[in-house]
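Peer 1: Please work out how this folds:
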Amino acid sequence: MTTVRPDRIMNLANAFYDSCVLFTASDLGIFRQLATTSPADVAAVAAALELDPRATRLLMDACVALGLLTQEGGAYCNTPEAAAFLVPGAAGDLSGAIRYNRDVYAAWGQLPELVRSGQPVEAPAIHLGDDPARTRAFVMAMHGRAMGIGRMVIPMLHLPEAGRLLDIGGGSGAYAILAAEHRAGLACTMMDLPGVVAIAAELVEAAGLADRVTCVPGDYHTAEFPPDNDVINILGVLHQEAPEAIIDVFKRAYAALKPGGVINVLDMMTDATRSEPAFSALFAVNMALTTTNGWVFSDEDLASWLATAGFIDFECRPLPPPMPHWLATARKA
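Peer 2: Numbering: from 1, shown residues only. Next up is the predicted model:
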């Protein structure tokens with residue numbers, strides 16, 4: 001007889017404890033402080049960050065329990081993992097990227113309302129231009145995330161040594177920046193909403209690539225795409241679109257490519273069951289909470305839509321861990 005235990009259910013119920021400890025320690029600067037003054041005791045960290053000593057001890061001990069800090073004789077240090085990914089400015093810094101997860105935490109608390117109404121619980125326009133502060137926070141968080149993803153993904157893409165690249169829904173410009181760095185002969189154009197593009201232009205300028213990466217304001221739902229591109233990238237964009245909108249974007253992308261040109265699509269995807277991989281199924285809920293048409297489509301869906309738009313030679317594969325994305329390519333005849 002199989003014994004059923006409650007452990008997994010209770011771990012699911014308590015999972016937000018871990019997230020909140022991570023978000024709080026990152027936001028308050030615990031990992032940044034220990035990167036400069038490690039090892040340090042609670043009193044020193046609390047004084048430097050102007051925090052309550054007792055509550056700081058509770059938070060830091062929770063970080064030890066989660067494997068983010070070590071503690072010996074009352075002195076705390078970042079673990080190698082925290083030093084690599086949670087210290088601002090580190091090569092693998094994810095501290096900006098995880099702020100997106102923190103910002104949607106409140107939306108997840110309203111999941112019952114989404115299921116009752118079928119409508120997002122947060123207006124997407126808040127972080128896409130209507131609220132400048134939220135837009136900047138969102139774009140900067142996505143920039144950190146995209147730079148981490150892009151360093152792995154860009155070398156995998158079909159990119160010519162020279163020519164023209166169009167990045168549709170280019171966000172912070174991270175993928176266009178990395179593509180320009182990867183291919184010195186590539187002229188890149190990225191398109192996104194005006195409030196987003198204004199911030200992307202700052203980041204492109206800071207990267208020293210304003211002469212090779214052009215930031216064009218435009219809503220990809222309706223904007224005319226610049227013509228004669230050798231490659232078009234649509235990276236991490238389509239999980240917020242309905243099928244008919246995706247097909248329309250693909251048809252206009254097809255028209256904007258030179259004969260033989262390539263389209264690269266990076267996104268969360270599931271298999272035909274729509275429940276595997278598990279993270280993609282959960283991410284679909286996240287997108288539905290914050291966007292009108294948010295979801296996660298399957299690789300079979302994508303193949304059908306690209307074929308409808310006229311593309312041939314479709315290929316799609318999940319990226320290796322820890323990447324949760326799938327990468328697809330197709331070609332204009």
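
Peer 1: got the contact list for Leu165?
Peer 2: By C-beta atoms under 8 Å, 6 or more residues apart in numbering, Leu165 lies in contact with Leu159, Ala176, Ala179, Leu186, Ala187, Cys188, Thr189, Asn229, Asp230, Val231, Ile232, Asn233. Backbone N, C-alpha and C define where each C-beta goes, glycine included.

Peer 1: Using neighbour counts, pick out the buried residues of whichever strand or helix holds it.
Peer 2: According to DSSP states H and E, Leu165 maps onto strand 162-168. Using 16 or more other C-beta atoms under 10 Å as the test for burial, strand 162-168 gives Gly163, Arg164, Leu165, Leu166, Asp167, Ile168.

Peer 1: low-confidence ranges in the stretch 51-200 of the chain?
Peer 2: For the stretch 51-200 of the chain, applying pLDDT under 70 flags the ranges 124-130.

Peer 1: residue ranges of the helices in it, please?
Peer 2: Assigned by DSSP state H, counting those that start in this stretch, the helices in the stretch 51-200 of the chain fall at 53-65, 80-85, 98-103, 105-108, 111-117, 132-153, 174-182, 194-206.

Peer 1: so which of those helices is the most packed in?
Peer 2: Of the helices of the stretch 51-200 of the chain, the one with the most neighbours on average (mean count of other C-beta atoms under 10 Å) is helix 174-182, at a mean of 25.

Peer 1: So what touches that one?
Peer 2: Looking at helix 174-182 with C-beta under 8 Å, 6+ apart, the contacting residues turn out to be 142-143, 146-147, 150-151, 153-155, 157, 159, 165, 167, 170, 186, 188-190, 203-204, 207, 209, 212-213, 233, 235.

Peer 1: One more: stretch 76-95?
Peer 2: 25-26, 31-32, 34-35, 38-42, 45, 60, 63-64, 67-71, 96, 144-145, 148.

Peer 1: Now that stretch - C-alpha only, PDB.
Peer 2: The C-alpha coordinates for stretch 76-95 follow below in PDB (Å, rounded to 0.1, in the frame of the first residue of the first chain):
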ATOM      1  CA  TYR A  76      28.300  36.000   8.000                       C
ATOM      2  CA  CYS A  77      29.500  35.700   4.400                       C
ATOM      3  CA  ASN A  78      27.900  35.400   1.000                       C
ATOM      4  CA  THR A  79      27.900  31.900  -0.400                       C
ATOM      5  CA  PRO A  80      29.700  31.500  -3.800                       C
ATOM      6  CA  GLU A  81      26.200  31.300  -5.400                       C
ATOM      7  CA  ALA A  82      25.100  34.600  -3.800                       C
ATOM      8  CA  ALA A  83      28.400  36.300  -4.600                       C
ATOM      9  CA  ALA A  84      28.100  35.300  -8.300                       C
ATOM     10  CA  PHE A  85      24.400  36.100  -8.800                       C
ATOM     11  CA  LEU A  86      23.100  38.500  -6.100                       C
ATOM     12  CA  VAL A  87      25.800  41.100  -5.700                       C
ATOM     13  CA  PRO A  88      25.000  44.200  -7.900                       C
ATOM     14  CA  GLY A  89      27.700  44.700 -10.500                       C
ATOM     15  CA  ALA A  90      28.900  41.100 -10.400                       C
ATOM     16  CA  ALA A  91      29.400  39.400 -13.800                       C
ATOM     17  CA  GLY A  92      26.400  37.100 -13.300                       C
ATOM     18  CA  ASP A  93      24.300  39.700 -11.400                       C
ATOM     19  CA  LEU A  94      20.600  38.700 -11.200                       C
ATOM     20  CA  SER A  95      19.600  41.200  -8.600                       C
END
